[in-house]
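Engineer: quick one: sequence and predicted model below, then my questions.
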Amino acid sequence: MPRPDHHRAVILAVGTELTTGQTRDSNGGDIGAELSTLGVQVVRIMQLPDDLEAVTDAFRRAMDDAELVVSTGGLGPTPDDLTREAIAAAIGATLHVDPEIERWLVELFTRRGVRMPNANRKQAWLIDGAEALPNANGTAPGWWIEREGRVIVALPGPPREALPMWRSDVLPRLRARGITAEIAMRTLRLTGIGESHVAEALGEAMLRAANPIVATYARPDAVDVRITARPVAAQDGRPALTAGELLYATQRQVEEALGRHVFAYDDETWPDVLGSRLGSRRLATFERGTSGALAALLAHAPWFAFGEIDGRRVEGPVAGASAPESTGSSGSAIDDDDERRVLDAAAHVRDAGSAPVGLAVEARPRGADTHVVVGVDIDGERTAETSTAFQAGEQGRRRAALTACALLWRALGSNDAAGRG
Ligand code: ATP
Ligand code: MG
């Protein structure tokens, strides 16, 4: 059988408390995330009640669909913990008490000066071909089973038991067996364009391809395009490609289509990219009608100006310290007046904060949406913009702050370009 260029996994989260919503499944997502970055395709994450038939059936179907099956939960000592029985039934194996695990369990209880309850004996169960995975934080050992080219891993439910076992015992074994693969991943973060326009620009062929996988995500602060590439074997006269080479070629295609919207890569955020464009320059901000959304977004950046005004120490960002005189009449002011007023505010806060760069934003509800006016002043060079942010209320105010970041980012970009030219 030719080795597949990637492996598939099914994750089963077992426990009635999951299906009744008393506990949220975090194991599935955590394990799924790690498998994905290791080039294993997670075909599904399933939550199941403590029901022998349902869990047995889920293991059977998982083994049909994937080379790797990982379960969490149901390894405890009580009768409702039946993951072991389900695995045994699914692969037609018989359970027996493993003397070594039993000794370890008895010892664990003896150390605490109590007799081991009979119920715990099932935690010493094994089936032929299964290997016990030590649990440093609990009494339930995990299971590692290899059968007919497939791997089944059973871990306990509590994340503080399951995740350490996953990292210290399971991942090294998966690597050693070549189940994980070389992959390359990059996220391009876009501003000033909606997810559906991004999808349109990339085209269906790219978004449906199996390798590289190109996916779009609407995040609160950006539309992300994530590229995940695996190596490609040489075929039909075409040379082999490493994951990195394929990623790079795809990234260039995406940048060709959407490059002017890309403001950040991977884990970078607005404070990161604004910080690198500001360089050693500090920023002072003014905002009105945003409930401090801009300051909240930027306040922890080291370059943000917490200043003194007129010799007084200002607690908090310079932003809210003193409002400039308002020249516009409220409500019916035309955009030009709005922009002039916001630009004055940007200049004022820049002076007040003794910063070379001033940024001002005003937001106010307009129907169901938010009317946003932004002004940037970089050493007296002024840029303003009026726009409508989707939704009113908190969402609209947060989007107004992001609009301000985007204008500042563009203004700093052209300011730098002009400075160099
Ligand atoms: P134990 O020996 O503790 O009983 P177990 O393997 O039987 O371990 P469960 O009884 O299924 O595990 O779950 C124990 C606890 O672990 C749950 O009460 C819950 O708090 C947590 N837990 C279980 N499964 C998950 C999950 N998928 N995501 C997050 N937490 C979980
Ligand atoms: Mg339990």
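Structural biologist: On my side now, so go ahead. Numbering: from 1, shown residues only. Ligands and ions are numbered 1, 2, ... in the order given.
Engineer: how about the helices in the chain?
Structural biologist: 16-19, 27-37, 52-65, 83-91, 99-111, 159-165, 171-176, 195-202, 204-208, 243-258, 270-278, 293-298, 335-352, 393-420 (DSSP state H).
Engineer: so residue 397 touches residue 288, yeah?
Structural biologist: No - counting by Cβ atoms under 8 Å, residue 397 does not reach residue 288; the two are 10.7 Å apart. Bear in mind the C-beta positions are built from the backbone N, C-alpha and C, glycine included.
Engineer: out of the two, which sits in the more crowded spot?
Structural biologist: residue 397 (25 against 19; other Cβ atoms under 10 Å).
Engineer: average pLDDT across stretch 27-42?
Structural biologist: Over the span of stretch 27-42, the pLDDT mean works out to 94.
Engineer: no, scratch that, I was asking about stretch 357-369
Structural biologist: 95.
Engineer: contacting residues around the closest residue to residue 392 other than its chain neighbours?
Structural biologist: Nearest residue to residue 392, sequence neighbours excluded (Cβ to Cβ, 6 or more residues apart in numbering): residue 365, at 4.3 Å. Contacts for residue 365 (Cβ atoms under 8 Å, 6 or more residues apart in numbering) come out as 371, 392, 393, 396.
Engineer: report how many residues lie close to the second one.
Structural biologist: Okay, so that is residue 392. 17.
Engineer: just how off-centre is stretch 16-27 within its chain?
Structural biologist: In terms of Cα atoms, centre = their mean, to the nearest Å, the centre of stretch 16-27 is found 21 Å from the chain centre.
Engineer: is ligand 2 contacted by that stretch?
Structural biologist: No - against ligand 2, stretch 16-27 shows no contacts by Cβ under 5 Å from the ion, the least distance being 9.2 Å.
Engineer: can you get me the start-to-end distance on that stretch?
Structural biologist: 15 Å (Cα to Cα, to the nearest Å).
Engineer: swap in stretch 162-175?
Structural biologist: End-to-end distance (Cα to Cα), stretch 162-175: 18 Å.
Engineer: just the buried residues of that stretch, please?
Structural biologist: 162, 163, 165, 166, 169, 170, 171, 174 (16 or more other Cβ atoms under 10 Å).
Engineer: skipping adjacent residues, who's closest to residue 253 in space?
Structural biologist: Spatially, and ignoring its direct neighbours in sequence, residue 253 is nearest to residue 206 (7.3 Å; Cβ to Cβ, 6+ apart).
Engineer: with residue 12 instead?
Structural biologist: residue 71 (4.2 Å).
Engineer: was I right about that neighbour contacting residue 82?
Structural biologist: No - with contact defined as Cβ under 8 Å, residue 71 does not reach residue 82; the gap is 11.2 Å.
Engineer: of the two, who's got more company?
Structural biologist: residue 71 (32 against 21).
Engineer: per-residue pLDDT of the more buried one, please?
Structural biologist: At residue 71, pLDDT is 98.
Engineer: domain ranges for the protein, per the record?
Structural biologist: Using automatic domain parsing, the domains assigned to the chain come out as 4-176, 184-265, 270-414.
Engineer: closest one to ligand 1 among the ones you listed?
Structural biologist: Ligand 1 sits nearest to domain 4-176 of all these, at 2.4 Å, using Cβ to the nearest ligand atom.
Engineer: so for residue 140, which of the helices of the chain sits nearest?
Structural biologist: helix 159-165 (7.0 Å; Cβ to Cβ).
Engineer: any residue of the closest one up close to ligand 2?
Structural biologist: No - figure legend: helix 159-165 not in contact with ligand 2 (Cβ under 5 Å from the ion); closest approach 10.7 Å.
Engineer: could you find the closest non-adjacent residue to residue 246?
Structural biologist: Closest to residue 246 by Cβ to Cβ, 6+ apart is residue 229, at 4.1 Å.
Engineer: what's the separation between residue 340 and residue 283?
Structural biologist: Residue 340 sits 21 Å away from residue 283, going by Cβ to Cβ, to the nearest Å.
Engineer: more neighbours, those two?
Structural biologist: Ranked by neighbour count (other Cβ under 10 Å), residue 340 and residue 283 place residue 283 first, with 27 against 18.
Engineer: what pairs with the more buried one across the strands?
Structural biologist: residue 304, residue 357 (DSSP bridges).
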